[in-house]
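1. Test case, fold it:
(one chain, ligands or ions: 2)
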Amino acid sequence: TRSTRPQRMLKAVQKNATKGSPESVISAIDYFCKHSEWAMNVGDEKGSILDSVVTEVNPSTVLELGTYCGYSTVRIARLLSPGTKFITLEFNPANVTVARQIIAHAGLQDKVTVVEGSSGDLIPQMKERFGITTFDFIFLDHWKDRYLPDIKLFEECGLLRKGSVLLADNVICPGAPEYLEYVRNSPRYENRYYPAHLEYTKVEDGLEKSVFLG
Ligand SMILES: Cc1ccc(Cc2cc(O)c(O)c(C(=O)NC/C=C/[C@H]3O[C@@H](n4cnc5c(N)ncnc54)[C@H](O)[C@@H]3O)c2)cc1
Ligand SMILES: [Mg+2]
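-> Ligands and ions are numbered 1, 2, ... in the order given. Presented below is the predicted three-dimensional model:
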């Protein structure tokens, strides 16, 4: 049967990227998306903003929602200090399989745990299953209608501390209007919008950074 786009992306990484080089994996995926098939990775423009926020926060605990093929997982993991706890959640088992191979090709398999399951089920298990008390940095890039319920879940489960940083992709396109309205009207978050474009296109998009104030 016909291969899937994630499988074709994995083949492109295995063919064109140097094993053990996160930068070459990132470049190979961006090349694939620009010249072969568009795919919903955060991309190079928004990826640079992601890089700068991760570097600024220098987190000890990191959570990503929506691994997909592992592109942003590789971008984040390559910047983390040794000993950082990084968990990424993905509920599509086929995507888990591709992501784990792309992360391994970059040589970052020891830096991140790819957990199969849905954020709604797994967020309440973070403490007991992974010994996490709070997250320093959270990247939201899963189904856009899950951003709001999941940030409320973080609050309810006590997974945010004063200074925890959440960075949300696609707040313009596809858009996460309820999430934006919530964080921008809540006295418990300090927000900053980073204007950019939908990956590999000229369509307007951007990232919203929200700092939890406790
Ligand atoms: C109109 C329109 C359509 C599409 C675009 C383009 C566009 C551009 C983008 O950057 C995008 O991030 C997206 C987008 O839809 N992303 C959704 C990403 C899902 C991945 O995450 C997984 N997942 C989804 N919910 C959960 C969940 N609860 N728990 C665990 N994993 C989850 C899925 O299994 C997928 O692996 C789309 C732009 C405009
Ligand atoms: Mg996205």
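2. how about the residues of this structure near ligand 1?
-> Residues of the chain lying close to ligand 1 by CB under 6 Å from any ligand atom are 40, 66, 68, 89-92, 95, 118-120, 141-143, 146, 169-170, 173-174, 198-199. C-beta coordinates here come from the backbone N, C-alpha and C atoms, glycine included.
3. rerun that using 8 Å as the cut-off
-> 40-43, 46, 65-69, 89-92, 95, 117-120, 122, 141-144, 146, 150, 169-170, 173-175, 198-199, 203, 205 (CB under 8 Å from any ligand atom).
4. Can you name the residues in contact with stretch 108-128?
-> 22, 63, 65, 67, 70, 73-74, 76-78, 80, 84, 86-91, 93, 96, 99-100, 103, 129-130, 132-133, 135, 142, 146, 149-150, 153-154, 157, 159 (CB atoms under 8 Å, 6 or more residues apart in numbering).
5. Quick one: residues in contact with the one helix or strand residue 87 maps to.
-> Per DSSP states H and E: residue 87 is located in strand 85-90. By CB under 8 Å, 6+ apart, the surrounding residues in contact with strand 85-90 are 60-68, 70, 73, 76-77, 80, 96, 99, 111-119, 122, 126, 130, 132, 142.
6. so how far is that strand off the chain centroid?
-> 9 Å (CA atoms, centre = their mean, to the nearest Å).
7. So what's the gap between stretch 24-40 and the chain middle?
-> 17 Å.
8. Please save the CA atoms from it in PDB.
-> Extracted as PDB, the C-alpha positions of stretch 24-40 are listed here (Å, rounded to 0.1, in the frame of the first residue of the first chain):
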ATOM      1  CA  SER A  24      21.400  18.000   9.200                       C
ATOM      2  CA  VAL A  25      18.100  16.300  10.300                       C
ATOM      3  CA  ILE A  26      16.400  19.700  10.600                       C
ATOM      4  CA  SER A  27      17.800  20.800   7.200                       C
ATOM      5  CA  ALA A  28      16.700  17.600   5.500                       C
ATOM      6  CA  ILE A  29      13.100  17.900   6.800                       C
ATOM      7  CA  ASP A  30      12.900  21.600   5.800                       C
ATOM      8  CA  TYR A  31      14.300  20.800   2.400                       C
ATOM      9  CA  PHE A  32      11.800  17.900   2.000                       C
ATOM     10  CA  CYS A  33       8.900  20.300   3.000                       C
ATOM     11  CA  LYS A  34      10.100  23.100   0.600                       C
ATOM     12  CA  HIS A  35      10.900  20.900  -2.400                       C
ATOM     13  CA  SER A  36       8.900  17.700  -2.100                       C
ATOM     14  CA  GLU A  37       5.800  17.800   0.200                       C
ATOM     15  CA  TRP A  38       4.600  20.400   2.600                       C
ATOM     16  CA  ALA A  39       4.100  19.000   6.100                       C
ATOM     17  CA  MET A  40       3.000  20.600   9.400                       C
END
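9. Now that stretch: buried residues?
-> 24-30, 32-33, 39-40 (16 or more other CB atoms under 10 Å).
10. now that stretch: mean pLDDT?
-> Averaging pLDDT along stretch 24-40 gives 97.
11. what about the helices in this structure?
-> Taking DSSP state H to define them, one finds helices in the chain at 5-16, 22-35, 43-57, 71-77, 93-105, 119-122, 126-130, 147-156, 177-185.
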